[in-house]
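Trainee: I'd like to go over a predicted model; first the sequence, then the structure.
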Amino acid sequence: MLQRLIYFTVKSIRNLTGTHSTHSLTVSGKTMDVKILSALSDNYMYLIIDKDSKKAAIVDPVEPDKVLQSVSEAGVELTTVLTTHHHWDHSGGNAELVSKAPGLTVCGFDDRIGALTKKVNHGDTFSIGKLKINCLYTPCHTSGHICYHVVPPSGESDGAVFTGDTLFQAGCGKFFEGTPDQMYDALINKLGSLPDSTKVYCGHEYTVSNLVFAQSTEPSNKDIQDRLNWAKVRRSLSETTIPSTIAMEKLINPFMRVKEPSIQKYAGSTNPVEIMGILRNAKNNFKA
Ligand code: GBP
Ligand code: ZN
């Protein structure tokens, strides 16, 4: 509790310095809209709207009042909460949201998630109106982490994946409750096999600091340089750098590039799982 209080205080002070964007952005697709809502100092919540039925889901609603305001502005019916993992800055708003909007289905894997009504597992699918959600079990950051893949309707390309603290733009979550082997499975086998055009919506705005680390691993990677320059401009305007795409992550994210010769050279290994661990340790100790 004390830890949480200190964290909140630090986040509030950081908020006053205005580092996180305050306005929201809508990414509009043919069948789905995604409203990007900033929360706390660098978290994101995402309102996923099925345009046809106007039914909606919210990912990691840590600031319930902000969510409810966005729901009413959009004129949609919120039916579902998609919780990526139990950390309080993701699941800590669930109980309050349910008390203010009774009847919600609250999805998640981990028993430590508040107000859970529907336990999901790898491969489970369900619908929000016409949108089909496929659950991907990606333990490592926490042992109960789920990513939610919104499968594009046949013939359309607006798929999206909500990756919580597993995959960040140009980075990944710390391995609090898992192993390099599990993060390899999450990033390379599961997320890495989604269509390249899949938009990636992650849990935190860490893009600039992740790209600075990425650049230290591959100093001559032009895609990293270009994305870093772009991200710095976006952040200086208080704009989000979200979403990315799976294709983009394969170009700029060292943790998704463990099979690339340049990353193998940096790590001094050709074993992709071992490289995953080496990169995580290097990032934990990295000082820009
Ligand atoms: C930054 O600010 O740029 N590098 C971060 C430092 C996710 S939040 C903060 C940090 O450690 N963030 C976590 C992380 O995985 N970062 C990836 C990285 O640094 O490369 N969290 O809020 C974190 O998961 C949390 C909450 C952790 C409860 C433990 C508990 Br218990
Ligand atoms: Zn976390």
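Mentor: Noted; the coordinates are in hand. Ligands and ions are numbered 1, 2, ... in the order given.
Trainee: Only C-alpha atoms from now on, for both contacts and neighbour counts.
Mentor: Fine.
Trainee: and the closest residue to ligand 1 within the stretch 1-150 of the chain, what pLDDT?
Mentor: Ranked by Cα to the nearest ligand atom, the top residue of the stretch 1-150 of the chain for proximity to ligand 1 is His87, at 4.5 Å. pLDDT for His87: 99.
Trainee: Quick one: residues contacting the residue lying closest to it once chain neighbours are set aside.
Mentor: Using Cα to Cα, 6 or more residues apart in numbering and skipping the chain neighbours, the partner closest in space to His87 is Ile113 (8.0 Å). Ile113 sits next to 83, 85-87, 91-92 when contact means Cα atoms under 8 Å, 6 or more residues apart in numbering.
Trainee: try Ile188
Mentor: Contacts of Ile188 by Cα under 8 Å, 6+ apart are Met256.
Trainee: Give me the secondary structure label for it.
Mentor: State at Ile188, reduced to three classes by DSSP: H, G, I helix; E, B strand; the rest coil: helix.
Trainee: Am I right that Ser269 is in a strand?
Mentor: No - Ser269 sits outside any strand when classified using three-state DSSP, being coil.
Trainee: now it, nearest residue through space, not along the chain?
Mentor: Closest residue to Ser269 apart from its sequence neighbours, by Cα to Cα, 6+ apart: Ile275 at 6.5 Å.
Trainee: For that neighbour, grab the count of nearby residues.
Mentor: By other Cα atoms under 10 Å, 24 other residues sit near Ile275.
Trainee: That one: helix or strand, and which one exactly?
Mentor: helix 272-284 (DSSP states H and E).
Trainee: What residues of that helix count as buried?
Mentor: 272-280, 283 (16 or more other Cα atoms under 10 Å).
Trainee: just those now: which is nearest ligand 1?
Mentor: Nearest to ligand 1 among the buried residues of helix 272-284, with distances taken as Cα to the nearest ligand atom, is Lys283, at 6.0 Å.
Trainee: about what we covered before: tell me which of the contacts of Ile113 fall in helices.
Mentor: The helices, defined by DSSP state H, take in Ser91 from the contacts of Ile113.
Trainee: Quick one: which of the contacts of Ile113 is the most crowded by neighbours?
Mentor: In these, the most neighbours by other Cα under 10 Å go to Thr83, 31 neighbours.
Trainee: And the pLDDT at it?
Mentor: Residue-level confidence at Thr83 comes out at 99, pLDDT.
Trainee: the strands in the stretch 101-250 of the chain, which residues?
Mentor: 105-108, 118-119, 125-128, 131-137, 146-151, 160-164, 167-168, 171-172, 199-202, 244-245 (DSSP state E, counting those that start in this stretch).
Trainee: Rebuild the ones you listed as TSV, extending it with mean pLDDT, mean neighbour count and distance to Ser28.
Mentor: Formatted as TSV, the strands of the stretch 101-250 of the chain follow (pLDDT from 0 to 100; neighbours: other Cα atoms under 10 Å; distance: least, Cα to Cα, whole Å):
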stretch	mean pLDDT	mean neighbour count	distance to Ser28
strand 105-108	99	23	24
strand 118-119	98	13	28
strand 125-128	98	16	16
strand 131-137	98	22	14
strand 146-151	98	25	14
strand 160-164	99	27	12
strand 167-168	99	26	21
strand 171-172	99	24	25
strand 199-202	98	25	12
strand 244-245	98	20	14
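Trainee: before we move on, the earlier item: mind giving me the packing neighbours of the helix holding Ile275?
Mentor: helix 180-184, helix 261-267 (3 or more Cα pairs under 8 Å, 6 or more residues apart in numbering; DSSP states H and E).
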